[in-house]
Structures are given as C-alpha cells and as structure tokens.
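# Sharing a sequence plus its predicted fold:
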Amino acid sequence: MNPELIELRDSARQVLGESGLGASEHQTWPLVLDLGWLLVAVPEDLGGLGQGLAGACAFYTEFGRRVAGAPYVPAMLAIDAICAAGRADREDWLQRLTTRDYVTTPLADGELTLTSSRPGKPRLSGTAVAVPSADKASHVLVASSDGDCVALVPLRQGGVELRERPTWDRSRRLFDLRFTGLELERDMVLASGSAAQALCRRLATHRDFALAAGAVGGAEALLDLTVDYLKTRRQFGRPLALFQALKHRCADLKAQVAAAEALLQDALQRAGEALDGAAAGAAGREARLLACSAYAHVAEEALQLHGGIGMTAEHHCHLFLKRALLDQHLGRGGNRYDLDLADALLAGA
C-alpha cells in the first residue's frame with residue numbers, strides 16, 4: 001500500500017472501531033458519505049482519490065473487520081459501473097452517488113431477461129436477488145443474465161416489487177427485486193452488446209474481490225479476539241492460551257488467514273485495473289474462494305474455542321459466524337468458483 005492509502009485505511013479502522021462491532025447501517029452510512037469514502041476508487045480526473053480497486057479493498061477489509069452494516073460494497077459497485085460506462089452525465093451521477101443518493105447492486109447472480117416490445121424499448125423481467133438495503137435506494141444496477149444489457153433502474157415505479165429476504169445474518173438487510181415487464185427507457189441503459197459483456201465481467205470481478213477483502217478482514221479480527229480470549233480465560237489454574245492443543249489450532253487458523261490475505265494481495269497485483277479481462281476474473285475468483293472458505297473455518301473454530309460463552313447471542317462470535325456463512329453463498333451461484341478454477345487448471349494442464 002502507498003502511504004496515502006495506509007493513512008486512509010488507518011482512519012477508517014479508527015472511525016469504524018469507535019462505532020463498535022456490528023454497527024448498524026443507520027450508524028455507519030452517514031459516516032461513509034460525510035468522510036468521502038465512496039470516492040476512494042474514483043479516478044482523479046473525475047474528482048476521486050484514484051486509489052483503484054486496491055483502495056476499495058482496503059476499505060472492504062475494514063468494514064469486514066467490524067461486521068459493519070453500511071451497504072458500502074453495492075454502492076461502490078454502482079459507482080464503478082458509472083465510471084466505466086462513460087456516460088455523458090457521469091460526473092453528475094458521481095456527484096449524486098457520493099454525496100446523497102444511494103444506488104444498490106445485487107450481491108448474487110439472479111435470473112433477469114430482456115424482451116423487445118418495440119424498437120429501443122426492451123422490457124425487463126425476472127428477479128434480482130440479495131440486493132442490500134433496496135428500500136433505501138433510489139436506483140438498482142442490474143444486468144441481464146446473458147450479459148447483453150446493464151441498466152440503472154429507478155425503484156419507485158410500477159413493475160418493480162421489493163420483497164425483504166430474511167437471513168440469519170442480521171448485519172445486512174437483503175431484498176429480492178421482482179421485475180414484471182418493466183420497460184427500460186434509453187437513459188436507463190448503461191451499456192449493451194459487447195460493452196455490456198465487458199462491464200458485467202468487470203463488476204463480477206470487483207464483487208469477488210470485495211467479498212474476499214471483507215472475509216479477510218473478518219477472519220483477522222475474529223482470530224485476534226479469540227486469541228485475546230484464550231489469554232484471559234483460565235482453566236485448571238492456567239490461561240487456555242498455554243494449552244498446546246489450543247496453540248496448534250490457533251496457529252493453523254493463523255496460517256489459513258495469512259494465506260488468504262497473501263493471495264488477495266497477489267491477486268490484486270495480477271488483476272491491475274483491467275477488471276474485465278480473463279486474468280483478472282480468475283484472480284478474483286481465486287481470492288474469493290480461499291478467503292471465504294478460510295473465514296467460515298475461522299468462525300466455526302472460534303465458536304468452539306470460546307466455549308459456552310461463544311454460543312450466546314450477547315457475544316460477538318455469532319456476528320462473524322453469520323456473516324461468514326452468508327458470504328459463502330454470495331457472488332456466483334452454486335459451486336461455480338470451484339468448477340471454474342478446476343476447469344482453468346485442467347485447461348492449463
């Protein structure tokens with residue numbers, strides 16, 4: 001990290017730390033707007049800080065460390081799409097999105113189709129799933145399942161139905177959006193055809209890196225909290241941290257977290273800023289798969305290492321565990337991460 005980014009990361013860690021673990025969207029979203037954190041990846045020529053995906057991931061990591069409720073990832077994805085699409089009015093949109101308006105984005109793949117009703121007026125049908133804080137958003141960024149169209153759709157209109165999706169993880173509020181023959185106006189479409197295909201690849205890769213960075217941050221924080229607990233909890237007159245079996249378990253967890261962090265940093269370097277390329281996509285999938293798997297393992301082990309107190313709703317363990325288990329189901333559906341990487345390895349062999 002460059003010195004400017006380190007300073008930004010440390011500032012975010014301090015501010016989010018003061019909000020406490022699991023701080024709600026109501027607490028943290030005003031901080032995001034007031035402190036200009038949405039500008040971190042925006043190019044300098046558009047009025048941003050120009051730190052790119054690496055800068056965004058530094059913030060994703062800090063939000064993951066605190067299990068914060070602000071819908072930072074979907075907002076950043078929408079801003080990235082506006083920057084990459086090259087709209088004539090993108091500076092106006094960036095001003096809105098970084099200061100007052102909130103545009104959300106699905107965190108998982110849905111089933112959306114476009115049909116032609118008359119020239120230049122396609123109709124959108126289907127469901128967008130796992131859309132954070134959709135009830136607070138003015139627009140949602142969606143893409144057709146075939147990747148031929150990316151659109152910025154206003155939510156306060158007919159043909160759009162919001163349905164909250166209850167999840168075990170209460171740190172995020174997720175919605176499913178059902179579109180029923182919604183006619184897309186020309187100014188709603190960000191990209192179509194080959195340009196839309198490239199933008200979809202870019203957003204999918206960005207989303208994978210965001211999930212990976214949040215998982216690395218959460219795993220690091222939870223492991224630190226667990227080790228601190230083992231140092232203070234005593235059994236048979238000795239701190240639990242002195243028991244060799246527990247030392248080995250924590251060392252194994254530390255190795256997994258360090259590997260996930262190292263792969264994330266390496267993947268960021270390999271991806272660069274050309275996020276719509278095949279190499280960047282593969283790097284993002286690798287980072288996301290390892291980080292989310294490591295996070296889930298750390299969360300499950302931490303619950304056991306905390307003993308009975310870790311099972312209580314009042315303790316912090318459940319916040320991390322629920323976030324980690326949900327993260328495994330976000331992004332590309334099913335076992336596509338495993339299968340995609342396996343296919344790439346076989347093709348290379």
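Perfect, I can see it now.

# which SS class is Leu230?
Under DSSP: H, G, I helix; E, B strand; the rest coil, Leu230 falls in the helix class.

# cool, and Leu21?
Under three-state DSSP, the three-state class of Leu21 is coil.

# Paired strands for the longest strand seen in the chain, with orientation please.
The single longest strand within the chain, with elements called by DSSP state E, is strand 121-132. Strand 121-132 has its sheet partners listed here by DSSP bridges as strand 111-118 (antiparallel), strand 174-183 (antiparallel).

# What residues sit buried inside it?
122-126, 128-132 (16 or more other CB atoms under 10 Å). All C-beta spots, glycine's among them, are computed from the backbone N, C-alpha and C.

# Give me the pLDDT for Arg207.
pLDDT, Arg207: 97.

# hang on, isn't it packed against Met76?
No. Using CB atoms under 8 Å as the test, Arg207 is too far from Met76 to be in contact (9.7 Å).

# List the single closest residue to Ala221 in space, sequence neighbours excluded.
Excluding the flanking residues, the one nearest Ala221 by CB to CB, 6 or more residues apart in numbering is Arg65, at 4.2 Å.

# same deal with Ala23?
Using CB to CB, 6+ apart, the nearest residue to Ala23 is Ala68, at 5.3 Å.

# is it true that that neighbour lies in a strand?
No. Ala68: not assigned to a strand; according to three-state DSSP it is coil.

# about what we covered before: now do the SS call for the residue nearest to Ala221.
helix.

# Then Val153?
At Val153 the chain is in strand, as set by three-state DSSP.

# which stretches of the stretch 1-150 of the chain have low pLDDT?
116-120 (pLDDT under 70).

# show me where it has helices.
Counting by DSSP state H, counting those that start in this stretch, the stretch 1-150 of the chain has helices at residues 3-19, 25-34, 52-66, 72-85, 90-99.

# out of the ones you listed, which comes closest to Arg170?
Ranking the helices of the stretch 1-150 of the chain by proximity to Arg170 (CB to CB) places helix 25-34 first, at 11.0 Å.

# any idea of the angle that closest one forms with helix 90-99?
On the basis of axes from the mean of the first three to the mean of the last three CA atoms, to 10 degrees, helix 25-34 is oriented at 140 degrees to helix 90-99.

# Give the buried residues for helix 25-34.
25, 28-29, 31-33.

# got it, and stretch 97-108?
97-98, 102-108.

# Export those as TSV, with columns for distance to Gln269.
Formatted as TSV, the buried residues of stretch 97-108 follow (distance: CB to CB, whole Å):
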residue	distance to Gln269
Leu97	28
Thr98	27
Tyr102	31
Val103	29
Thr104	30
Thr105	25
Pro106	28
Leu107	25
Ala108	27
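
# Quick check: the farthest pair among those residues?
Between all members of the buried residues of stretch 97-108, the farthest pair (by CB to CB) comes out as Thr98 and Ala108, at 24.9 Å.

# circling back: compile the helices of the stretch 1-150 of the chain into a markdown table and extend it with columns for distance to Leu341.
Listed next are these as a markdown table, based on distance: least, CB to CB, whole Å:
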| stretch | distance to Leu341 |
| --- | --- |
| helix 3-19 | 29 |
| helix 25-34 | 33 |
| helix 52-66 | 20 |
| helix 72-85 | 22 |
| helix 90-99 | 33 |
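
# between these, which one is nearest to Glu286?
That would be helix 52-66 among those, by CB to CB, at 14.2 Å.

# and the closest one, C-alpha only, in PDB?
Extracted C-alpha coordinates of helix 52-66, given in PDB (Å, rounded to 0.1, in the frame of the first residue of the first chain):
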ATOM      1  CA  GLY A  52      -8.400   2.000  -7.700                       C
ATOM      2  CA  LEU A  53      -9.500  -1.500  -6.700                       C
ATOM      3  CA  ALA A  54      -6.700  -1.800  -4.100                       C
ATOM      4  CA  GLY A  55      -8.000   1.300  -2.400                       C
ATOM      5  CA  ALA A  56     -11.600  -0.100  -2.400                       C
ATOM      6  CA  CYS A  57     -10.400  -3.400  -1.000                       C
ATOM      7  CA  ALA A  58      -8.600  -1.700   1.900                       C
ATOM      8  CA  PHE A  59     -12.000  -0.200   2.900                       C
ATOM      9  CA  TYR A  60     -13.800  -3.500   2.300                       C
ATOM     10  CA  THR A  61     -11.400  -5.200   4.700                       C
ATOM     11  CA  GLU A  62     -12.100  -2.600   7.400                       C
ATOM     12  CA  PHE A  63     -15.900  -3.000   7.000                       C
ATOM     13  CA  GLY A  64     -15.400  -6.700   7.300                       C
ATOM     14  CA  ARG A  65     -13.300  -6.400  10.500                       C
ATOM     15  CA  ARG A  66     -16.100  -4.600  12.200                       C
END
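
# tally of neighbours for Leu321?
By other CB atoms under 10 Å, the residues close to Leu321 number 22.

# Disregarding residues adjacent in the polypeptide, which is nearest to it?
Leaving out its chain neighbours, the residue that sits closest to Leu321 by CB to CB, 6+ apart is Ala299, at 4.2 Å.

# in what helix or strand does that neighbour lie?
Secondary structure assignment for Ala299, by DSSP states H and E: helix 278-305.

# Which positions within that helix qualify as buried?
Applying a neighbour-count criterion of 16+ other CB under 10 Å, one finds 280-299, 301-303, 305 buried in helix 278-305.
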